[in-house]
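Trainee: Provide a 3D model corresponding to the input given below.
(one chain, ligands or ions: 2)
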Amino acid sequence: MRQSSVVIDSKLPRVGTTIFTVMSKLAADCGAINLSQGFPDFQADAALFDAALRAMRDGRNQYPPMAGVPELRAAIAGKVAALYGASYDAEHEITVTAGATQAIFTAIAAFVRHGDEVIVFEPVYDSYVPAIETVGGQAVYARLAFPDYRPDWQQLRSLLSPRTRMIIINSPHNPSGSLLDADDLEQLAALTRGTNIVVLSDEVYEHIVFDGVRHQSVASHPELAARSIVVSSFGKTYHITGWKIGYVLGAQELMSEFRKVHQFNVFTVNTPCQLGIAEYMRDASRHLGLAAFYQQKREFFRAQLHHSRFELLPCRGSYFQLARYSAISDLPDRDFAYWLTREVGVAVIPVSVFNHHGHDDRVVRFCFAKQEATLAAAGERLRGV
Ligand code: PMP
Ligand code: GLN
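Mentor: Ligands and ions are numbered 1, 2, ... in the order given. As a prediction, the model looks like this:
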């Protein structure tokens, strides 16, 4: 190991390694069943691999256009029109990104200036605030209160200031599994009317909404859509989190600013994988069937914990299940997560890590994007505590 001679004034002094990396490593070290980091433990569809391989063999291996291959942008435009009744121009209003994390970082870097405020809702997905702070912005925290994690629009109103540059929303919500409904979008539209606030809408779980409820995309709300960047990720939709491909939608003026940063941030995204996804997407049943697919897993996992001492909170969307554990332990949630991983052999995410002062409702997050055998094995261990 070398020691650097540079004295570093960290831009992110409070940031360590992400909890997802920490818990997945601990799970691996302990041989625990990993229900912490959100990723499927089952294989994606071979038809998708065939399509990507075909593109490679056809010689589609050089830089694609900066905004993404036309085939994929057209497929995205078609899907968004069919689902949300919104017409986004594939040439100017859709950009393919290297996953949602890059999309979110790029959107923040494109619009947030030094000293600007960005309102986030906590529990907040862990990449938003470091991105805001890297570019010199300041996060302002609105609460999604335990146990239903609903937004309080009165509180949001009180947080608005002339320095508010952006509001970030996330539905279905990670980690809580809560949803924004049509009325929430109305409230957000009313609160931002007449301002220059950009809405960044993280909709990576757009196809994982349960109990027959429709996902309320910002894309389907014309007034909000005009001030929004909407983010999605194929990692969630097609069980390929490691491919790191997603996309953003936005009005041309917003997208043009987004692309100014995107082109010097990643420039372009993996060509054959984009082409593979474009071909695979033609069959809409593949994304339309996702809600039923994961609802079955949600039911299966909840049934596993039915006779346990965990108290399950509602899960309306995403592939995460929250649970209280006060009947089992008084430990703070981080310590409880470490204990559960080491001693019980099931790794989870402590929800306090998504709160900026570490506010702890003593709740942990399970990922149920797993094979039934994995969920059953975890269930057996969890019923034993
Ligand atoms: N936003 C949320 C809410 C997420 O849960 C995730 C990943 N799990 C991302 C963004 C990042 O997605 P990607 O892997 O496509 O970067
Ligand atoms: N978003 C995934 C989760 O919530 C993890 C992604 C990551 O590890 N950065 O678990």
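
Trainee: For ligand 1, give me its nearest residue in the stretch 151-300 of the chain.
Mentor: Closest to ligand 1 within the stretch 151-300 of the chain is residue 233: 3.3 Å, counting by Cβ to the nearest ligand atom. Every C-beta, even on glycine, is put in place using the N, C-alpha and C of the backbone.

Trainee: Give me the buried stretch members for stretch 261-277, please.
Mentor: With burial defined by 16 or more other Cβ atoms under 10 Å, the residues of stretch 261-277 counted as buried are 261-262, 265-266, 268-277.

Trainee: Just the C-alphas of that stretch, formatted as PDB.
Mentor: Provided in PDB are the C-alpha atoms of stretch 261-277 (Å, rounded to 0.1, in the frame of the first residue of the first chain):
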ATOM      1  CA  VAL A 261     -23.200  16.400 -19.400                       C
ATOM      2  CA  HIS A 262     -23.900  12.900 -20.500                       C
ATOM      3  CA  GLN A 263     -21.600  13.100 -23.600                       C
ATOM      4  CA  PHE A 264     -18.700  13.900 -21.300                       C
ATOM      5  CA  ASN A 265     -19.700  11.700 -18.500                       C
ATOM      6  CA  VAL A 266     -20.200   8.300 -20.300                       C
ATOM      7  CA  PHE A 267     -20.500   9.500 -23.900                       C
ATOM      8  CA  THR A 268     -22.300   6.300 -25.000                       C
ATOM      9  CA  VAL A 269     -23.600   3.000 -23.600                       C
ATOM     10  CA  ASN A 270     -22.700  -0.600 -24.700                       C
ATOM     11  CA  THR A 271     -24.000  -1.100 -28.200                       C
ATOM     12  CA  PRO A 272     -24.800  -4.800 -28.500                       C
ATOM     13  CA  CYS A 273     -26.700  -4.800 -25.200                       C
ATOM     14  CA  GLN A 274     -28.700  -1.800 -26.300                       C
ATOM     15  CA  LEU A 275     -29.600  -3.700 -29.500                       C
ATOM     16  CA  GLY A 276     -30.400  -6.900 -27.600                       C
ATOM     17  CA  ILE A 277     -32.800  -5.000 -25.300                       C
END
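
Trainee: from the middle of its chain, how far away would whichever strand or helix holds residue 129 be?
Mentor: Using DSSP states H and E, the element containing residue 129 is helix 128-134. Relative to its chain's centre, helix 128-134 lies at 15 Å (Cα atoms, centre = their mean, to the nearest Å).

Trainee: And stretch 361-368, by the same measure?
Mentor: 16 Å.

Trainee: That one vs ligand 1: in contact?
Mentor: No - applying Cβ under 6 Å from any ligand atom, one finds stretch 361-368 out of contact with ligand 1, separated by at least 9.3 Å.

Trainee: burial of the closest residue to ligand 2 within the stretch 101-250 of the chain, as a residue count?
Mentor: The nearest approach of the stretch 101-250 of the chain to ligand 2 comes at residue 174, 5.1 Å away (Cβ to the nearest ligand atom). When counting by other Cβ atoms under 10 Å, one arrives at 25 neighbours for residue 174.

Trainee: which parts of the stretch 201-350 of the chain sit against ligand 1?
Mentor: Near ligand 1, the residues belonging to the stretch 201-350 of the chain are 202, 204, 233, 235, 241, 246 when assessed by Cβ under 6 Å from any ligand atom.

Trainee: Test my guess that residue 311 contacts residue 328.
Mentor: No - in this structure, residue 311 is not within contact of residue 328 by Cβ atoms under 8 Å, at 9.6 Å.

Trainee: between the two, which one's more packed in?
Mentor: The neighbour comparison of residue 311 against residue 328 (other Cβ under 10 Å) goes to residue 328, with 19 against 15.

Trainee: Grab the nearest non-local neighbour of that one.
Mentor: residue 309 (4.9 Å; Cβ to Cβ, 6 or more residues apart in numbering).

Trainee: can you give me the strands for the stretch 101-250 of the chain?
Mentor: 117-122, 138-145, 150-151, 164-170, 198-202, 228-233, 246-250 (DSSP state E, counting those that start in this stretch).

Trainee: contacting residues around the closest residue to residue 265 other than its chain neighbours?
Mentor: The shortest distance from residue 265 to any non-neighbouring residue, by Cβ to Cβ, 6+ apart, is to residue 106 (5.3 Å). For residue 106, the contacting residues are 97, 258, 261-262, 265-266, by Cβ atoms under 8 Å, 6 or more residues apart in numbering.

Trainee: Find the closest residue to ligand 2 in the stretch 201-350 of the chain.
Mentor: Closest residue of the stretch 201-350 of the chain to ligand 2, Cβ to the nearest ligand atom: residue 349 (6.6 Å).

Trainee: Just give the number of residues close to that residue.
Mentor: Neighbours around residue 349, by other Cβ under 10 Å: 29.

Trainee: right, and it touches residue 22 too?
Mentor: No - using Cβ under 8 Å, residue 349 makes no contact with residue 22, being 9.5 Å away.

Trainee: quick one: residue 85 from residue 207, how far?
Mentor: 16 Å (Cβ to Cβ, to the nearest Å).

Trainee: Looking only at neighbour counts, state which of those two leads.
Mentor: residue 207 (23 against 11).

Trainee: Just confirm yes or no for stretch 104-123 near ligand 2.
Mentor: No - interface with ligand 2: stretch 104-123 contributes nothing (Cβ under 6 Å from any ligand atom), its closest point being 11.0 Å away.

Trainee: Could you give the separation of that stretch from the chain centroid?
Mentor: Centroid displacement of stretch 104-123 relative to its chain, using Cα atoms, centre = their mean, is 16 Å.

Trainee: Okay, buried residues for it please.
Mentor: 104-112, 116-123.

Trainee: What mean pLDDT does it get?
Mentor: Confidence over stretch 104-123, taken as the mean pLDDT, stands at 98.

Trainee: From one end of that stretch to the other, what's the distance?
Mentor: In stretch 104-123, first residue to last residue: 17 Å (Cα to Cα, to the nearest Å).

Trainee: And stretch 170-187, by the same measure?
Mentor: 15 Å.
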